[in-house]
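Asks: A structural model of the following input is requested.
(2 chains)
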Amino acid sequence: MCSKWCFCVLAATAVSAQTPNGHIDIPKDAPVSMVSVDWGGSRATARGSAYLVDVHASLTLLNSSQKHIRGVTLEVLAQEVTPGGRGAVKVPSLDVAPRDVFSVHIDETLLRPLGGGATPIVEVRLDGILFDDLTFYGPDKLNSQREMTVWEMEARRDRKYFRTLLESAGRDGLQKAMLASLTRQSETPRTGMLQVVRGRATNVDPEREVQFAFLRMADEPIEPAAGMARVAANEAWAPRFEVRNISKRPVRHVEIGWIVKDQNGNQFLAASLPADLNLAPGQDARVFPDAAIKFPDRISIQSMSGFVSSVQFGDGSYWIPSRSSMEEPELRDVASPSPEEQRLARIYQKKGMDALIQELKKF
Amino acid sequence: MIRHAKETDLALFASGDASPWRSLCLRLHLGRCLQCREVAEAYRADREWLKEESSRMPPGVDWEHLAAEMTANIRVGLEAGECVAPRRRRRAGPRFRSRRMRLQLSFGWAAAAAAAGMMLLIGAALWLNFPPADKEVLGRAMSQLFHGRGIMESEESGPMVEASDSGIVLRGNGGSLKISQGELRPVAVSVSAQGSASARYVDDDTGQMTITSVYVQ
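Replies: Numbering: from 1, shown residues only, chains lettered A, B, ... in the order given. Below is the predicted model of the structure:
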C-alpha cells in the first residue's frame, strides 16, 4: 500500500515538473557568440492555469568584436504578454577584452500560460551590449542602452574617485572610504517593502496634494519646479512636475529620483520617475509619469522631495550628478550607491584591500 | 419666651417619621405651644389631602377597561414575537426541561463539536498543503478582515511589483511570483515608475554584479 502511494507521488511530481525547452536567440551579426549553455536546474511546474518556469541557466559568451565589452543585457522570455512572463538579466561593470569569454548567470522565475504547447519554452534574447567607447549594439527593447550607459558613466566617476583617493590618501584613505561606503549601505533606510502599482489602489483614507521639494545640484542641466503628487496615508500616486531645460543642448530624457519622508522623519528613495521629453534649450515642459507607489501600512507619507538623477541630451550624450553632489548629506543618506561602488565595496569586504587595489588598476 | 420647634421636625412629626425620643419631646412642646401645634396640624392636613387626591382616578378613566386593553396588547405582542422567532419561545418554555429536549440538545452540541473538529482538521490539512504564495495571499486577506478592512479596500487595480530586502515579488490575480538568486541576498533593490523592479546581486567569487529585473507589463 505504501509503495503504491510513493509511486503515485513520484508519478505526480514527474508529470507536474518538467524541464523547459530553452532557446538562445543571438543574431549572427552580433558582437558576441555563444560558446556553451547549461540549463541545469531549470524546471517548469504546472500551477493553476500557468506554468511556473524557474530558469537557472549559465551562458558562456565570446566577445567576437574588436572592442571591450562593458555591459550586457539579456531578455528572458516565457510569454511576452502575460505579467510575469518577461524578465531581464543585466550585467554592468564588465571588462571583457576582444576574443575573451565571459559568463552570464540567469536566475529568473517566470509565468507561462498552459496550452501553449506540450513543453513550456523559455527564450533568452540579446537586448543589448555596451562597449567601452559607449557605443551600443542590440534591439534595445528594454531601454537597456540608456540604463547601461548611465551605469557605465557612474562606474567611471566612482572608479576615478577611488583611484584618486588611493593616490592622494594611500591605502588608509581608500580603506576609510570603503568602510564609510559599507556603513552607508547598511544604514540606508529601508522601507521593508515597496509596491509599484499600475493604476491606483482603492485606498479609503482621505487624500491630499503634497508638493515636491527639489534638491538642487550645481551643474544640473534641468531645473525641476512645481512638482506635486496625491497622497493618502501610505500611498502616493499621480506625480507631476514642471522642468526647464537650462542647458544649451536639447534634452531627450530625464529621470527624477522620488524621495519620501515618513512620520518618524525617515527618508526613503521610493522610485525613479523616467520621462521622455523633447525639450529645446530654455523650454519648459510638464511631466506626468504614470506611477503609483505604496509603502507598508506602518508608514505614513509626510513630505516628498526629488532630484534629477540623469539626463539624456538630444545628441545621445548623458549627464549624471557629480560625486561631490552625491556626497551632499540630503542625497548621501538616501540615494543608492552606483552598482560599481557596491561591487567594489563587496570586493573589499570579501577579499580585502589588495584585491580592491588590483581591481581598481584593471581599467 | 418659648423657643419654637424647627419646621422640619414638625413635618417629620406630622408624618410619623420622627425618632421616638424626638416625637416625645415634640409632643410635650406642642401641648404648651399653640403656634407649633397649628403648623403641625397644617402639615398633617396637607398630607391627608395629598393622600386622598392621589387615590382618586382622573375623570373619565375606567380602570377595569384600561387593564383589559393593556393585557390584550401584551398577548398580541407575545404572539407576534412567536411568529418571528418560534424556537426562542420554545427554548424559553417549560417543555425545554423535558428529558427528550435535553437529549436533542446534547445531541446537537455533540454534532456541532464534531463538525467543528472536522473543520479544524480539514483546515489544518489544507493550510499545511497550501503553496506558500497562496498561503501568503490568504493570510493577508484574513489580516485585512481582522483589522476591519474589506478586501476590496486594499485590492490593487492591476498587477504590481513589490521590492523588499529579500528580493522582488510580482503580484497579480491573487498570486505572487518571487524572483530570487538562490541563497544570494540583493545588495540593493529599486523600482521604476514605469512598472519594473530590479534587484542587484554580487557574486562573491567572481565579483560580478548581476541585476535582475521583472516587468509588470
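
Asks: low-confidence ranges, the stretch 101-250 of chain A, go.
Replies: Within the stretch 101-250 of chain A, the ranges that satisfy pLDDT under 70 run A:114-120, A:188-205.

Asks: which residues in it form strands?
Replies: Here the stretch 101-250 of chain A has its strands, by DSSP state E, counting those that start in this stretch, at A:101-113, A:121-131, A:136-137, A:193-197, A:208-214, A:222-232, A:235-245.

Asks: what residues sit buried inside the second one?
Replies: When you say that, I think you mean strand A:121-131. By neighbour count on 16 or more other C-beta atoms under 10 Å in any protein chain shown, the buried set for strand A:121-131 is A:121-131. From N, CA and C alone the C-beta is placed, and that goes for glycine too.

Asks: if we can go back for a sec, could you redo the strands of the stretch 101-250 of chain A as TSV and give each row distance to chain B?
Replies: Listed next are the strands of the stretch 101-250 of chain A as TSV, based on distance: least, C-beta to the nearest C-beta, whole Å:
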stretch	distance to chain B
strand A:101-113	4
strand A:121-131	11
strand A:136-137	17
strand A:193-197	4
strand A:208-214	14
strand A:222-232	11
strand A:235-245	8
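
Asks: where does chain B get nearest to chain A, which residue?
Replies: For chain B, the residue closest to chain A is B:Ala193, as judged by C-beta to the nearest C-beta, at 3.2 Å.

Asks: which residues touch that residue?
Replies: Contacts for B:Ala193 were tallied using C-beta atoms under 8 Å, 6 or more residues apart in numbering or on different chains; they are A:196, A:239, A:258, A:271-274, A:289-291, A:293.

Asks: which among the buried residues of strand A:121-131 gets closest to A:Phe313?
Replies: Sorting those by distance to A:Phe313 puts A:Leu130 at the head of the list, at 17.6 Å, by C-beta to C-beta.

Asks: surely the closest one meets A:Glu152?
Replies: Yes. The criterion here is C-beta atoms under 8 Å, and A:Leu130 meets it with A:Glu152 at 6.0 Å.

Asks: which neighbours do those two share?
Replies: Each of A:70-71 lies in contact with both A:Leu130 and A:Glu152 under the rule C-beta under 8 Å, 6+ apart.

Asks: just name the shakiest helix or strand of chain B by mean pLDDT.
Replies: Least confident helix or strand, chain B: helix B:151-154 with a mean of 39, by mean pLDDT, DSSP states H and E.

Asks: bridged to A:Lys261, which residues?
Replies: Residues found in beta-bridge contact with A:Lys261 (criterion: DSSP bridges) are A:Gln267, A:Ser303.

Asks: contact partners for it?
Replies: Residues in contact with A:Lys261 (C-beta under 8 Å, 6+ apart) are A:267, A:301-305.

Asks: neighbour-wise, which of those residues leads?
Replies: Neighbour tally across the contacts of A:Lys261 (other C-beta atoms under 10 Å in any protein chain shown): the maximum, 23 neighbours, falls on A:Ile301.

Asks: just give the nearest non-adjacent residue to that one, would you?
Replies: Taking C-beta to C-beta, 6 or more residues apart in numbering or on different chains as the measure, A:Ile301 lies nearest to A:Val231, with 5.0 Å between them; neighbours along the chain are not counted.

Asks: pretty sure that neighbour is touching A:Ser303, no?
Replies: No. When contacts are counted by C-beta under 8 Å, A:Val231 is not listed as touching A:Ser303 (9.2 Å).

Asks: overlap in contacts of the two?
Replies: Common neighbours of A:Val231 and A:Ser303 (C-beta under 8 Å, 6+ apart) are A:Val210.

Asks: gap between A:Gln18 and A:Ser103?
Replies: When distance is defined by C-beta to C-beta, to the nearest Å, A:Gln18 is 26 Å away from A:Ser103.

Asks: then B:Met118?
Replies: 55 Å.

Asks: kindly report the same for B:Arg3.
Replies: Using C-beta to C-beta, B:Arg3 is found at 120 Å from A:Ser103.

Asks: who has more neighbours out of the two?
Replies: Shown here are B:Arg3 and A:Ser103; by other C-beta under 10 Å, A:Ser103 has more neighbours (15 against 7).

Asks: what sits against the more buried one?
Replies: Residues in contact with A:Ser103 (C-beta under 8 Å, 6+ apart) are A:58-61, B:206, B:208.

Asks: any low-confidence regions in chain B?
Replies: Across chain B, the ranges flagged by pLDDT under 70 are B:1-2, B:56-61, B:76, B:79-107, B:129-161, B:165, B:171-177, B:179-182, B:216-217.

Asks: quick one, domains of it?
Replies: Following the assignment in automatic domain parsing, chain B carries domains at B:7-55, B:66-97, B:119-155, B:157-217.

Asks: please apply the same query to chain A.
Replies: Under the assignment automatic domain parsing, the domains of chain A span A:17-142, A:153-188+A:343-360, A:195-335.

Asks: any idea which of those gets closest to B:Gly108?
Replies: Using C-beta to C-beta and comparing these, the one that lies nearest B:Gly108 is domain A:17-142, at 39.8 Å.

Asks: how far does the closest one sit from its chain's centre?
Replies: Between the mean C-alpha point of domain A:17-142 and the mean C-alpha point of its chain there is a distance of 16 Å (C-alpha atoms, centre = their mean, to the nearest Å).

Asks: try stretch A:161-176
Replies: In terms of C-alpha atoms, centre = their mean, the centre of stretch A:161-176 is found 28 Å from the chain centre.

Asks: again with stretch A:239-257
Replies: Between the centre of stretch A:239-257 and the centre of its chain there are 21 Å (C-alpha atoms, centre = their mean).

Asks: just give the nearest non-adjacent residue to A:Arg163, would you?
Replies: With C-beta to C-beta, 6+ apart as the measure, A:Leu360 is the residue that lies nearest to A:Arg163, at 5.4 Å, once sequence neighbours are left out.

Asks: follow-up on the earlier one: may I ask which of the contacts of A:Ser103 has the most neighbours?
Replies: Of all those, the highest neighbour tally under other C-beta under 10 Å goes to A:Leu61, namely 26 neighbours.

Asks: can you tell me how far A:Arg346 sits from chain B?
Replies: Counting by C-beta to the nearest C-beta, to the nearest Å, the gap between A:Arg346 and chain B amounts to 4 Å.

Asks: neighbours of the closest residue to that residue other than its chain neighbours, how many?
Replies: Of all residues beyond its chain neighbours, the one nearest A:Arg346 is B:Val202 (4.4 Å), with distances taken as C-beta to C-beta, 6+ apart. A count of neighbours around B:Val202, defined by other C-beta under 10 Å, yields 25.

Asks: B:Ala163 belongs to a strand?
Replies: Yes. Judged by DSSP: H, G, I helix; E, B strand; the rest coil, B:Ala163 forms part of a strand.

Asks: can you get me a residue count around it?
Replies: Using other C-beta under 10 Å, the number of residues around B:Ala163 comes to 26.

Asks: who does it form a beta bridge with?
Replies: Counting by DSSP bridges, B:Ala163 is bridged to A:Leu194, B:Ile168.

Asks: strands of chain B, residue ranges please.
Replies: B:160-164, B:167-172, B:175-179, B:188-192, B:196-202, B:209-215 (DSSP state E).

Asks: want to try TSV for those, with distance to A:Ser65 as columns?
Replies: Rendered in TSV, the data for those read as follows (distance: least, C-beta to C-beta, whole Å):
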stretch	distance to A:Ser65
strand B:160-164	34
strand B:167-172	32
strand B:175-179	31
strand B:188-192	29
strand B:196-202	26
strand B:209-215	21
